[in-house]
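Engineer: Sequence first, predicted model second:
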Amino acid sequence: MAELILLSIPSRVSITCVVAAPERPLTEAVVPRPRDLPDGVDCRVEEIDGRDPSLAPVISRLSCPHCSPGVDPLVPVLLERTRGHLSVTCTAPPGWAPDHLWVCAEAIERIRGLTGGIAIDVERSILLPEPWRPDHPRGPTDLRVEDWVSVTISGDGEGRYLMCTAGLSRFGLPELRAGDLREHHVPGWFHLVIGLAGVLVRRVLADERLRPRGGAHAVPAEIPVPGPEVSAAVPADAALPGAAWVRLRHDAWAGCLSLLPPAACVAGEADWRDRVAQVMSEPGEHGGV
């Protein structure tokens, strides 16, 4: 029997976004009344300032030109020094449908339109596009995970890189973590990590037992990431990469799933990372690993 990892999925999952530094006051309700919200969804809007603990990692990341290229340096200054930011938090039971995501997106767009502020995804520490209207799919297989989950890449200054997801928690999942990567690994491993995020999100959304109270969700300890899972992360006219297998280790103390070589891998970890980088960054004729 295949080895399984049991993940504890909470009874409520949430998303928080902020409209920062509004230029005009909010003069009307932007969230439907509780009775008009989708079943099980709660949503609140509150005013916060730059001292709010939830904004500290956002300010730090947006202040880093390497972490957030293209961001106006004034944005983190406004976020830190001005008051009256409008925070939207929406919660719901796990599983399908993740209505809290769409309710939050609609509220943020409405607030931004009324106030002229800057829309920010707090969990991902990114500026949201204008307009921000993520697709509303009919089922888990159609969900664009890239609309809700990001991959952050950080270096140690000595040629090693760490990749982590941000946003899986809004589906009740631990974040993914892949370490000890080199610069030439980055493109292929980015595809692998965002593709694996898609695999896990679709599994948890399709698990009907999780709604409405959460519970245990079983994930294979060794799991494949097929090329089609990364289709949204490659150009539309590009051939899809091959497939790769990874072994997951649940580091509960850190709240993450670490990516390791599968048990059948006879090469060392360094060779495995090289091969995965090649397979996931080039068209599928390289097969799988």
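Structural biologist: Sure thing, it's come through.
Engineer: Who are the contact partners of the residue nearest the centre of the chain?
Structural biologist: Central residue of the chain (Cα atoms, centre = their mean): Val149, 1.9 Å from the mean position. Taking Cβ atoms under 8 Å, 6 or more residues apart in numbering, we find Val149 in contact with 124, 165-168, 194, 197, 201. Just so you know, the C-beta spots here come from the backbone N, C-alpha and C atoms, and that holds for glycine as well.
Engineer: For these, which single residue is the most surrounded?
Structural biologist: Ala197 (27 neighbours; other Cβ atoms under 10 Å).
Engineer: So that one lies in a helix, does it not?
Structural biologist: Yes - Ala197 sits within a helix when classified using DSSP: H, G, I helix; E, B strand; the rest coil.
Engineer: which residue sits closest to it, ignoring its sequence neighbours?
Structural biologist: Val149 (4.9 Å; Cβ to Cβ, 6 or more residues apart in numbering).
Engineer: Check Arg44 too.
Structural biologist: The shortest distance from Arg44 to any non-neighbouring residue, by Cβ to Cβ, 6+ apart, is to Thr89 (5.6 Å).
Engineer: Around that neighbour, count how many other residues there are.
Structural biologist: Neighbours of Thr89 (other Cβ under 10 Å): 19.
Engineer: Quick check: which ranges of the stretch 51-200 of the chain have low pLDDT?
Structural biologist: Counting by pLDDT under 70, the stretch 51-200 of the chain shows no low-confidence range.
Engineer: residue ranges for the strands of it, please.
Structural biologist: 85-92, 118-121, 126-127, 150-155, 161-166, 175-181 (DSSP state E, counting those that start in this stretch).
Engineer: Looks like Pro262 contacts Ile223 (just checking).
Structural biologist: No - at 9.1 Å, Pro262 does not count as touching Ile223 under the criterion of Cβ atoms under 8 Å.
Engineer: Between these two, tell me which one has more neighbours.
Structural biologist: Neighbours were counted for Pro262 and for Ile223 using other Cβ under 10 Å; Ile223 has more, 20 against 16.
Engineer: what about the helix or strand containing the more buried one, distance to the chain center?
Structural biologist: Following DSSP states H and E, the helix or strand that holds Ile223 is strand 222-225. The gap between where strand 222-225 is centred and where its chain is centred comes out at 19 Å by Cα atoms, centre = their mean, to the nearest Å.
Engineer: what does stretch 104-118 give?
Structural biologist: Distance, stretch centre to chain centre, for stretch 104-118: 21 Å (Cα atoms, centre = their mean).
Engineer: And for stretch 12-20?
Structural biologist: Worked out by Cα atoms, centre = their mean, stretch 12-20 lies 13 Å from the chain centre.
Engineer: Check which residues of it are buried.
Structural biologist: 13-20 (16 or more other Cβ atoms under 10 Å).
Engineer: is it true that Ile111 touches Glu28?
Structural biologist: No - in this structure Ile111 lies outside contact range of Glu28 using Cβ under 8 Å: 10.1 Å.
Engineer: Looking only at neighbour counts, state which of the two leads.
Structural biologist: Taking neighbours as other Cβ under 10 Å, Ile111 and Glu28 compare with Ile111 leading, 23 against 6.
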